[in-house]
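J.: Following is a predicted model, sequence given first.
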Protein chains: 2
Amino acid sequence: MNINKRAIGPDWLGVDWGTTHLRIWLLDARGHILAEARDDSGMATLSSDQFYARFTRLAGPFLSPDKVIPVVACGMIGAKQGWHEAPYIAAPCSAPGLEDAQIIETRDERFSLYILPGVKQARPADVMRGEETQIAGFLNQNPSFDGVLCLPGTHTKWVRISAEEIISFQTFMTGEMFSLLGETSVLKHSIASSGWHKGAFLEALDAAISAPASIASKLFALRAETLLNDLSGAVARSRLSGFLIGLELSAARAYWLGQDIAIIGAEDLSIAYRDGLISQGVKPQSHHSVDMTLAGLTKAYQKIQGSINAA
Amino acid sequence: MNINKRAIGPDWLGVDWGTTHLRIWLLDARGHILAEARDDSGMATLSSDQFYARFTRLAGPFLSPDKVIPVVACGMIGAKQGWHEAPYIAAPCSAPGLEDAQIIETRDERFSLYILPGVKQARPADVMRGEETQIAGFLNQNPSFDGVLCLPGTHTKWVRISAEEIISFQTFMTGEMFSLLGETSVLKHSIASSGWHKGAFLEALDAAISAPASIASKLFALRAETLLNDLSGAVARSRLSGFLIGLELSAARAYWLGQDIAIIGAEDLSIAYRDGLISQGVKPQSHHSVDMTLAGLTKAYQKIQGSINAA
């Protein structure tokens, strides 16, 4: 018992390790942030033997030789190309928690590592890693929610929730297409890196919902209007976003039409999705993705704490 | 007169200088290829003061201090960021020819340079540079053609032709989106760099035409099916192409429905568009884009030759 008391302090680490970033939070038992660290050690830049070194470098200030700190992690860290594979669980399912986590053996006695798994769906084929933990956090705070979650991001997810279960979900590459078209394609000469015109966004969104195929012909027009009519970069950016989110809303109509909707995302992107949905007669609630990730990680941590206290 | 006879030999250079490549052909008066050279000195890699050096390096073997060789060029060489701007002419218009070309002064007495302009359209805003010369070549060979040209490529163009004029046109970024999604996005892990399954292509094309918005949800499924079901890279590549060309055909329906269609493009891409159109009940003719470029450049050259012989 003394060993456990020494081993498990009041603090623990929550980790969100995605494709493009690594975020580590030092948290108290209730999930309040005591300190945090982040860098761009995303999975995409690492081979599987590099995860340990990257983690201990960034987490170093939070680690001590005197105790074993629990580390609860979600995201691409559990992918096949991640630190250690945490096999997907199959939807329909509860949002994964500690009971689904992989406990990873490391030779480093300063921490014990729990990796939460992602969720897969057979038909249509789909996968998520990271969002399931946000969903777990949301459901911990809203256990009676029955409706649809929209998690906008690089790969936006729409998720049907009922009876505290993930019923089905679908992924849209809207965020990645926005980046590729705006930063890499010929449109990069036309699209500003910031700036927002809500009117231009909503007009483009409506055009895409009314005639989804037509966006294929409207993308290059952003370039042509810059060349011929000096279209502003901020308006072009807002229109591009409107076309792509409009196409997504059109395809995801079965998810949001007549449903209770909660958006879980970063602030700017959540506002765009919220404005788009409101224009279609839906009134979504909004939550910050980091808050929900922390809530999901905390729920898992509290089971570790509970099981140790019970031991 | 002697000066002109010395100055203008039987040979000339045709140049297609695009965003990603430079092609130079040594041609006889009828436009038959005597020699050719190409490299990847595309406009995207050059500042405007670098064009002369790049051109003379690649064209060097075709240049002689003893005569002035005519050079007829089309493409991004005439863009604002090109060697020298050849301002767009406005559709509706004839396909640009020598009378629309910019004659560029250079200090290099080995060649005289004619740059053919692109074509612009006010509503919907659109531009082309290079395709207009292919169209000029096609119309020189098919003066009575009344219908629609499809010029597949990085930025595919659909062009209405009547009475030897470009009536209107529309650009689709299908080729660039295929490259970005297949080579740069998360789908790069799923899409093979070659391989073709016509059945998978046509099935995806049909799905996109039937429900255009749905492709937004089907792109990420290519990745998920690789992870969960070992989808083959060649099938994924064919499906991606089918989704994108299907979306384009859906948006371009007014161009091809019930029209005489001629495709002008590189062979593989033309076959995909031809198969897609045939599946929709259209029977297009096909021409190679290089042949049409050469025909368009030759038509312009023959006016230079004619005007000099008449002098």
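T.: In hand now; what should we look at? Residues are numbered from 1 along each chain as shown, chains lettered A, B, ... in the order given.
J.: CA atoms of the helix ranked longest in chain A as PDB?
T.: In chain A, taking DSSP state H as the definition, the longest helix is helix A:289-310. Output of helix A:289-310 as PDB, limited to C-alpha atoms (Å, rounded to 0.1, in the frame of the first residue of the first chain):
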ATOM      1  CA  SER A 289     -12.200  20.200 -28.300                       C
ATOM      2  CA  VAL A 290      -9.300  20.600 -25.700                       C
ATOM      3  CA  ASP A 291     -11.800  20.700 -22.900                       C
ATOM      4  CA  MET A 292     -13.500  17.500 -24.100                       C
ATOM      5  CA  THR A 293     -10.100  15.800 -24.600                       C
ATOM      6  CA  LEU A 294      -9.100  16.700 -21.100                       C
ATOM      7  CA  ALA A 295     -12.500  15.500 -19.800                       C
ATOM      8  CA  GLY A 296     -12.100  12.200 -21.600                       C
ATOM      9  CA  LEU A 297      -8.500  11.600 -20.400                       C
ATOM     10  CA  THR A 298      -9.600  12.600 -16.900                       C
ATOM     11  CA  LYS A 299     -12.400  10.000 -16.900                       C
ATOM     12  CA  ALA A 300      -9.900   7.300 -17.800                       C
ATOM     13  CA  TYR A 301      -7.400   8.600 -15.200                       C
ATOM     14  CA  GLN A 302     -10.000   8.500 -12.500                       C
ATOM     15  CA  LYS A 303     -10.500   4.800 -13.100                       C
ATOM     16  CA  ILE A 304      -6.800   4.200 -12.700                       C
ATOM     17  CA  GLN A 305      -6.900   6.200  -9.500                       C
ATOM     18  CA  GLY A 306     -10.000   4.300  -8.400                       C
ATOM     19  CA  SER A 307      -8.500   0.900  -9.100                       C
ATOM     20  CA  ILE A 308      -5.400   1.800  -7.200                       C
ATOM     21  CA  ASN A 309      -7.200   3.200  -4.200                       C
ATOM     22  CA  ALA A 310      -9.300   0.100  -4.200                       C
END
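J.: Quick check: buried residues in it?
T.: Under the neighbour-count criterion of 16 or more other C-beta atoms under 10 Å in any protein chain shown, helix A:289-310 has A:289-290, A:292-302, A:304-305 buried. Where you see a C-beta, it was placed from the backbone N, CA and C, and this is true even at glycine.
J.: can I see the domain layout of chain A?
T.: Following automatic domain parsing, one finds the domains of chain A at A:2-142+A:290-310, A:171-289.
J.: Now for the closest residue to residue A:294 other than its chain neighbours: which residues touch it?
T.: Once flanking residues are discounted, residue A:294 sits nearest to residue A:31: 5.4 Å by C-beta to C-beta, 6 or more residues apart in numbering or on different chains. By C-beta atoms under 8 Å, 6 or more residues apart in numbering or on different chains, the contact set of residue A:31 is A:14, A:294-295, A:297-298, A:301.
J.: redo that, cut-off 7 Å
T.: When the contact criterion is C-beta atoms under 7 Å, 6 or more residues apart in numbering or on different chains, the partners of residue A:31 are A:294-295, A:298.
J.: thinking again about what came up before, what's the longest helix of chain A packed up against?
T.: strand A:12-17, strand A:69-75, helix A:131-141, strand A:261-265 (3 or more C-beta pairs under 7 Å, 6 or more residues apart in numbering or on different chains; DSSP states H and E).
J.: Throw those into JSON lines and include mean neighbour count, distance to residue A:183 and mean pLDDT, thanks.
T.: Output for these, formatted as JSON lines (neighbours: other C-beta atoms under 10 Å in any protein chain shown; distance: least, C-beta to C-beta, whole Å; pLDDT from 0 to 100):
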{"stretch": "strand A:12-17", "mean neighbour count": "26", "distance to residue A:183": "24", "mean pLDDT": "98"}
{"stretch": "strand A:69-75", "mean neighbour count": "25", "distance to residue A:183": "23", "mean pLDDT": "97"}
{"stretch": "helix A:131-141", "mean neighbour count": "25", "distance to residue A:183": "24", "mean pLDDT": "98"}
{"stretch": "strand A:261-265", "mean neighbour count": "23", "distance to residue A:183": "20", "mean pLDDT": "98"}
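J.: Now render those as TSV, adding distance to residue B:18.
T.: Formatted as TSV, these follow (distance: least, C-beta to C-beta, whole Å):
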stretch	distance to residue B:18
strand A:12-17	42
strand A:69-75	41
helix A:131-141	42
strand A:261-265	40
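J.: how about low-confidence regions in chain A?
T.: Residues of chain A meeting the criterion pLDDT under 70: A:1-10, A:308, A:310-311.
J.: contacting residues for the residue positioned nearest the centre of it?
T.: Nearest to the geometric centre of chain A sits residue A:131, at 4.7 Å (C-alpha atoms, centre = their mean). Residue A:131 makes contacts with A:151, A:157, as judged by C-beta under 7 Å, 6+ apart.
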